[in-house]
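> only geometry, no sequence info:
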Ligand code: SF4
């Protein structure tokens, strides 16, 4: 069954003065693009598809849009306003899993609920169920990069800072977001997987120990490449310029895709990442040399204490 609501896309495009439509999807949805293209062509539109890698709304296919009147970006909620881009997120509306196991892990009367765009629509239902068990749930308002209540991204944990909650419950799969939320807020984070119903408690210490090791390894470097992304929603040139001031041998390097091969070819003994924050934290194992976050570089340069470690976030 397709995750893409093609009729909804058509409904949004029909009122617009549009002849050519550009389509873009993240890797997991790319194979749905042909069916969307068929539906658009059946209604008389010309279609051009972006085949480049896409990992988030931070990277709208502006080069492809140059050949079209509008870009339909599938799979993500918007992180920037642009009238020429229609964001069509994938929203799953699954029944809630049983709460027995997660209830045993919650140790507070008031908990903050967070999730990714896929599952954020279920948070009010989850809050109602928790209420029946005497647990009040807080769901934060949207932020500029996360337009859904309670939504977090790998680069933005604003929703995890909800007032009045002693703990967080992450409703989603994977550990990256809940670990990030735990580091960003210092709060205990319980997880509930919407698909399996598995519950757990995230362990941020392991990641922090690893990052401490990466910083120590980076101390051997005599030169630093400050990576700046050319993707419109990841570009933090101003931050890179500030970081450059911390070390006499630091160069700004503009990159579109940050790959192990590119870092190897550039030949720096250490990089500082101002592109997608997930790169340094999630992908270090793929990289040939240490890749530090901005805060980690500040620790290395002695202008921030380890105790003041911060997870990297992109503030809109
Ligand atoms: S910067 Fe990274 S985490 Fe943020 S939206 Fe883009 S790909 Fe996702």
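Cool, the structure landed. Nothing here was measured: the structure is a model prediction, and the numbers come from that model. Numbering: from 1, shown residues only.
> my guess is residue 146 contacts residue 77, does it?
Yes: counting by C-beta atoms under 8 Å, residue 146 touches residue 77, with 7.1 Å between them. Every C-beta, even on glycine, is put in place using the N, C-alpha and C of the backbone.
> what touches both of these two?
residue 117 (C-beta atoms under 8 Å, 6 or more residues apart in numbering).
> the more surrounded of the two?
Set residue 146 next to residue 77 and count neighbours by other C-beta atoms under 10 Å: residue 146 wins out with 26 against 23.
> and the more buried one, what does it touch?
77, 79, 117, 152-153, 156, 158-159.
> residue 258 now?
So residue 258 contacts 227, 229, 273, 275-276, 279 (C-beta under 8 Å, 6+ apart).
> where does it land in three-state SS?
Classification of residue 258 by DSSP: H, G, I helix; E, B strand; the rest coil places it in coil.
> phi, psi of it?
Note on residue 258: backbone dihedrals following degrees, to the nearest 10 are phi -90, psi 100.
> cool, and residue 286?
Dihedral angles for residue 286 - degrees, to the nearest 10 - are phi -80, psi -20.
> quick check: pLDDT value at the closest residue in space to it that isn't next to it in sequence.
Nearest non-adjacent residue to residue 286, counting by C-beta to C-beta, 6 or more residues apart in numbering: residue 260, 5.1 Å away. For residue 260, the model assigns a pLDDT of 96.
> cool, residue 71 as well?
At residue 71, pLDDT is 98.
> what about it, how many residues nearby?
When neighbours are counted by other C-beta under 10 Å, residue 71 registers 22.
> do the same with the one 4 residues further on
By the criterion of other C-beta under 10 Å, residue 75 has 24 neighbours.
> from the contacts of residue 258, which land in helices?
residue 279 (DSSP state H).
> ok, so of the contacts of residue 258, who is nearest residue 97?
Nearest to residue 97, judged by C-beta to C-beta, of the contacts of residue 258 is residue 276 at 29.9 Å.
> determine which two of the contacts of residue 258 are furthest apart.
227 and 276 (10.0 Å).
> so residue 240 makes contact with residue 255?
No: using C-beta under 8 Å, residue 240 is not in contact with residue 255; the gap is 11.4 Å.
> now for those two: what residues contact both?
227-228.
> more neighbours: these two, which one.
residue 240 (23 against 18).
> cool, thanks, talk later.
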